[in-house]
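**Student:** okay, here's the prediction I keep looking at, along with the sequence it came from:
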Amino acid sequence: MYLAILPNMKTTADTFQLQKSQLLARTRVIKALAHPTRLFIVEELEKGERCVCDLTAMIGADISTVSKHLSVLRQAGIVADDKRGNQVFYCLKVRCILNFFGCIESVLKSQRSDALR
């Protein structure tokens, strides 16, 4: 009824549809982080760039598996790569992703506090 009176007024569903592409983009980044190996890689890259061979040794997986994880992180815009001769080095593309980890730790701390009550 109100839409007939105010045709320019957007409904909540219209607002959601306008925001959906941004929400999907965020989802892709979050999904890229949703694996223990990829979280480990990001934490290691916080310390500085690493070559694939170093990450492979740290993780204890074959190079193709580690490369696939790095590809997921690269496609999400989290890491950048730099090929030097036969080696590929990775670094964090956006260091602010580490703030996300801090937020997650706050949630976990809150959960532990709630469990003690």
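**Tutor:** Sure, I can see it. Just so it is clear, the model here is predicted, and its values are computed rather than measured. Numbers count the residues shown, from 1 in each chain.

**Student:** pull the residues that contact stretch 51-71.
**Tutor:** Stretch 51-71 is touched from outside by His35, Thr37, Arg38, Phe40, Ile41, Glu44, Val79, Asp81, Gln87, Val88, Phe89, Tyr90, with contacts defined as C-beta atoms under 8 Å, 6 or more residues apart in numbering. C-beta here means a position set from N, CA and C on the backbone, and glycine is covered the same way.

**Student:** could you rerun that using 7 Å?
**Tutor:** Applying C-beta atoms under 7 Å, 6 or more residues apart in numbering, the external contacts of stretch 51-71 come out as His35, Thr37, Arg38, Phe40, Ile41, Glu44, Val79, Gln87, Val88, Phe89, Tyr90.

**Student:** quick one: the residues you listed as JSON lines, columns for pLDDT too.
**Tutor:** Putting those into JSON lines (pLDDT from 0 to 100) gives the following:
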{"residue": "His35", "pLDDT": "97"}
{"residue": "Thr37", "pLDDT": "97"}
{"residue": "Arg38", "pLDDT": "97"}
{"residue": "Phe40", "pLDDT": "97"}
{"residue": "Ile41", "pLDDT": "97"}
{"residue": "Glu44", "pLDDT": "96"}
{"residue": "Val79", "pLDDT": "98"}
{"residue": "Gln87", "pLDDT": "93"}
{"residue": "Val88", "pLDDT": "94"}
{"residue": "Phe89", "pLDDT": "97"}
{"residue": "Tyr90", "pLDDT": "98"}
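
**Student:** pull out the buried members of these.
**Tutor:** Thr37, Arg38, Ile41, Glu44, Val79, Phe89, Tyr90 (16 or more other C-beta atoms under 10 Å).

**Student:** which residues in this structure form helices?
**Tutor:** When assigned using DSSP state H, the helices of the chain occupy the ranges 2-5, 12-33, 36-46, 52-59, 63-75, 97-116.
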